[in-house]
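Novice: Quick check, what structure comes out for this input:
(chains A and B)
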Amino acid sequence: MPRIPSSEITPKSTFLRRRELMKLAGGAALFAKAAFSKTAPKHGAKLAGVKPNPKYVVPNEKVNSFEDITTYNNFYELGTDKEDPSQNSDKLVTRPWTVSVEGEVQKPKKWSIEEIEKAFPAEERVYRFRCVEAWSMVIPWDGFSLGEFLKKHEPTSRAKYVSFETVVQPQMPGVKGYAGIPFPYQEGLRIDEAMHPLAILVTGLYGEELPNQDGAPIRLIAPWKYGFKSAKSIVRIKLQETQPQTTWNQYGGGVEYGFYANVNPEVDHPRWSQARERRIGEILRRKTLMWNGYPEVAPLYAGMDLKKFF
Amino acid sequence: MKKRLVPLAFAAACLPLVWLVVQYLRGGLGRNPIDEGINDLGYIAFVFLAMTLACTPLQIVFKLKWPILLRKLLGDFCFFYACLHLSTYVVLDQGLSLPDLVQDVLKHKFIFLGMAAWLLMLPLAVTSTSGWQKRLGFRRWKRLHRVVYLCGGLAALHFFLRFKTPRPETVVWACVIALLLAVRVVEVVRRQRVRMLDSR
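Specialist: This is a model prediction of the structure:
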């Protein structure tokens, strides 16, 4: 029998630690996996009774996937990179949630999100979504008319504008650190824009509860405007007589964008062209449509110089 | 070791491209891989530019000789990645349309700065060989290649202006370029002073 050289024999102490070593190796593998792979986006609970509204579809175009819509987001409160909001989505707490409707209304009200969902059942509307950064998607939102919601509160004659405020929670990473813009995030619409049938408050996506990174539990969608106008995770809706200050309006003395921010291929962003956009999932850019393909809003801006009021 | 340094660095300088291709194929660039790829190529080119600019300051401050051996290679790779960055923008963003491209470059500061940086790099890349060094004469060649600092400044500004809000990393990179330039300026002043003292 050949002698086994002593160098080949595992010392007893190491042999006894074999389980520990295995655990260590397993731990290292897990760590590597956590460092290099990302957590898949979570699905919310199914919403009951959501039916598609056939009036609001995007004919002949592919609807973007759930992954597209939930892992490529701008939501600075949850981080400034596109994947940050989905990775940090658990840093937004959406229950309990109240939305306060106040200002120039006869009937101001503090709603709980459950009350809103009950009083305003959502329907599915497929809309184009165009970001100011020249990318776009087609998204099946679940929501209800903003105008119907506002009318419930009986706006006064002095209600000329509506402002929207996004939540600020101390544990949100963008709020804690540097994100380059002040919080809370503020957006606004003119009252006739808010009353337009296309403007909706959204509570769901793909027939499920809206994911946090997309602005849960309730957000605005005004599909003829650049995405940043549609405030996420809304806690306050205020009707007022004067044009509200908006986050990107205040930023850099208003050079970033004007109050209207209607999708317009003829008016460039100060630093890039808005003539084309990249649909997420496509390689080459496609032409951007005036009003993002919603010409029915044009009468709202009749007689206005769209280069001046951009 | 010295003999192996350049081929090793060559292999290492190819790695970002390999990484990018692998990431693209396995879907690691996210939901908008074209934008992400264009941005990554620009970032890689910028880092190579900073490394190129760092070679001489490393020699001045730390008396290191080996960075100088890598300077040409780093500069060439910077230009290589800048060309990939530019061509993806021209083909995938502008759809190879010359009128669109010209409009975009002339109308938008941030695009103009990037294009200017690439155009200024072009003669430097062409004359980066020792043949051109001889043809131009070392003094003239050296003066021409100082333009690389202008490229650094333009690229840093191009990077800074890309984002909607000032991003800390772009400010840090601009400071790095400024620091490298400062080392060179201080060295020129110091040498002049030595020369003045010598001539007295």
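Novice: hey, let's count contacts and neighbours off CA atoms from now on
Specialist: OK.
Novice: Can you list the low-confidence ranges for chain A?
Specialist: Across chain A, the ranges flagged by pLDDT under 70 are A:1-38, A:252-255.
Novice: Helices of that one, start to end?
Specialist: Taking DSSP state H, the helices of chain A run over residues A:12-16, A:18-36, A:66-71, A:84-87, A:113-119, A:146-151, A:173-176, A:191-194, A:247-250.
Novice: Centroid-nearest residue for the chain?
Specialist: Because you didn't say which chain, this covers chain A. Nearest to the mean C-alpha position of chain A, by CA atoms, centre = their mean, lies A:D214 at 3.5 Å.
Novice: Can you look at chain B instead?
Specialist: Centroid check for chain B by CA atoms, centre = their mean gives B:L49 as the closest residue, at 2.4 Å.
Novice: give me every residue that touches the residue of the stretch 101-250 of chain A found nearest chain B.
Specialist: In the stretch 101-250 of chain A, the residue that lies nearest chain B is A:G180 (5.2 Å; CA to the nearest CA). Contacts for A:G180 (CA atoms under 8 Å, 6 or more residues apart in numbering or on different chains) come out as B:165-167.
Novice: What are the phi and psi values at it?
Specialist: When read as degrees, to the nearest 10, the backbone of A:G180 gives phi 90, psi -10.
Novice: if we can go back for a sec, hmm, the residue nearest to the centre of chain A is touching A:N73, no?
Specialist: Yes - the pair A:D214 / A:N73 is scored as a contact, 7.1 Å apart, by CA atoms under 8 Å.
Novice: just to confirm, which helix or strand has B:V22 in it?
Specialist: Using DSSP states H and E, B:V22 maps to helix B:2-25.
Novice: pLDDT averaged over that helix, what's the number?
Specialist: Across helix B:2-25, pLDDT averages out at 94.
Novice: and that helix, what does it pack onto?
Specialist: Secondary-structure packing of helix B:2-25 (3 or more CA pairs under 8 Å, 6 or more residues apart in numbering or on different chains; DSSP states H and E): helix B:33-62, helix B:66-88.
Novice: Export those helices to a markdown table and append columns for distance to chain A and mean pLDDT.
Specialist: Compiled in a markdown table, the helices and strands packed on helix B:2-25 are given as follows (distance: least, CA to the nearest CA, whole Å; pLDDT from 0 to 100):
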| stretch | distance to chain A | mean pLDDT |
| --- | --- | --- |
| helix B:33-62 | 7 | 96 |
| helix B:66-88 | 11 | 96 |
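Novice: Any chance of the ones you listed in TSV with distance to B:L120 as columns?
Specialist: Formatted as TSV, the helices and strands packed on helix B:2-25 follow (distance: least, CA to CA, whole Å):
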stretch	distance to B:L120
helix B:33-62	13
helix B:66-88	11
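Novice: which parts of the stretch 1-150 of chain A sit against chain B?
Specialist: Counting by CA under 8 Å from any CA of the partner chain, the positions of the stretch 1-150 of chain A adjacent to chain B are A:67-68, A:71-72, A:83.
Novice: Save these as JSON lines, and put in neighbour count too.
Specialist: Supplementary listing: these in JSON lines, determined by neighbours: other CA atoms under 10 Å in any protein chain shown:
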{"residue": "A:E67", "neighbour count": "14"}
{"residue": "A:D68", "neighbour count": "18"}
{"residue": "A:T71", "neighbour count": "20"}
{"residue": "A:Y72", "neighbour count": "20"}
{"residue": "A:E83", "neighbour count": "20"}
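Novice: how about stretch B:57-65: buried residues?
Specialist: For stretch B:57-65, a neighbour-count test (16 or more other CA atoms under 10 Å in any protein chain shown) marks B:57-58 as buried.
Novice: Likewise for stretch B:159-178?
Specialist: Of the residues in stretch B:159-178, B:159-162, B:165, B:167, B:170, B:173-174, B:176-177 count as buried by neighbour count, 16+ other CA under 10 Å.
Novice: How about the contacts made by A:L205?
Specialist: Contacts for A:L205 (CA under 8 Å, 6+ apart) come out as A:139-142, A:211.
Novice: Look up how far B:D40 lies from it.
Specialist: Applying CA to CA, to the nearest Å, the value for A:L205 to B:D40 is 31 Å.
Novice: number of nearby residues for B:S97?
Specialist: 11 (other CA atoms under 10 Å in any protein chain shown).
Novice: do A:R95 as well
Specialist: 11.
Novice: For B:L106, give me its contacts.
Specialist: Here B:L106 is in contact with B:F112 (CA under 8 Å, 6+ apart).
Novice: As PDB, could you dump the C-alpha coordinates of the one helix or strand B:Q103 maps to?
Specialist: Assigned by DSSP H and E, B:Q103 belongs to helix B:98-107. Only the C-alpha atoms of helix B:98-107 are listed here, as PDB (Å, rounded to 0.1, in the frame of the first residue of the first chain):
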ATOM      1  CA  LEU B  98     -26.900  64.300 -41.400                       C
ATOM      2  CA  PRO B  99     -29.300  67.200 -41.200                       C
ATOM      3  CA  ASP B 100     -30.600  66.000 -37.800                       C
ATOM      4  CA  LEU B 101     -27.100  65.500 -36.500                       C
ATOM      5  CA  VAL B 102     -25.900  69.000 -37.600                       C
ATOM      6  CA  GLN B 103     -29.000  70.500 -36.000                       C
ATOM      7  CA  ASP B 104     -28.600  68.600 -32.800                       C
ATOM      8  CA  VAL B 105     -24.900  69.500 -32.500                       C
ATOM      9  CA  LEU B 106     -25.400  73.200 -33.200                       C
ATOM     10  CA  LYS B 107     -28.500  73.700 -31.100                       C
END
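Novice: Give me the angle between the helix or strand following that helix and helix B:66-88.
Specialist: Once the chain leaves helix B:98-107, the next helix or strand it forms, by DSSP H and E, is helix B:109-126. Here the directions of helix B:109-126 and helix B:66-88 differ by 130 degrees (axes from the mean of the first three to the mean of the last three CA atoms, to 10 degrees).
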